[in-house]
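>>> Next comes the sequence, and after it the predicted model I'd like to discuss.
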Amino acid sequence: MGGSFVVLGATDTTQCDNRFTAMRKLLRFVAIFLAALVALYALVVAGFYIAMRQTPERFGAIISSIPMRTLMYIPFQSMWMSARAGSLAEGDPAPEFVLPALASGPSVTLSEQYRERPVVLIFGSYT
């Protein structure tokens, strides 16, 4: 009764162990590399969020040095809405502020205008 048996020698098992070890090292390297990429992305996003919390002038100076392509890779709109949300809620009184007059004349304050008549504040861009 003929049958064939293959006997693995010591070199065959060693070679198999070496491949397994090499594969484990490769997987470990890939995992560390991906973890580093995720950490770097988190740092970049956190940096943008911190920049968004700055004054508009400072944020403008920061963002002007960033390539616009970079903004495609971060959740810019949701971060912006969170960073610039403010603390006012509907129905809260508007905070006092002073606006310089467009022509020469006295500055305009909200409290002065409100004492005289109702005031509607419209914030937007008309350009």
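Looks like it arrived, so ask away.
>>> can you give me the strands for this protein?
For the chain, the strands defined by DSSP state E cover 98-99, 108-109.
>>> Would you mind finding the most buried of these?
Of the strands of the chain, the one with the most neighbours on average (mean count of other CB atoms under 10 Å) is strand 108-109, at a mean of 13. Using the backbone N, CA and C atoms, a C-beta is placed for each residue, glycine as well.
>>> any idea how far that strand is from the chain center?
Centre-to-centre, strand 108-109 and its host chain are 37 Å apart (CA atoms, centre = their mean, to the nearest Å).
>>> So which residues make contact with it?
Contacts to strand 108-109, defined as CB atoms under 8 Å, 6 or more residues apart in numbering, come from residues 96-99, 101.
>>> same deal with stretch 37-45?
If you take CB under 8 Å, 6+ apart as the criterion, stretch 37-45 is touched by 73-75, 79.
>>> Give me the buried subset of those residues.
M79 (16 or more other CB atoms under 10 Å).
>>> circling back: who wins for proximity to K25 among the strands of the chain?
strand 98-99 (65.5 Å; CB to CB).
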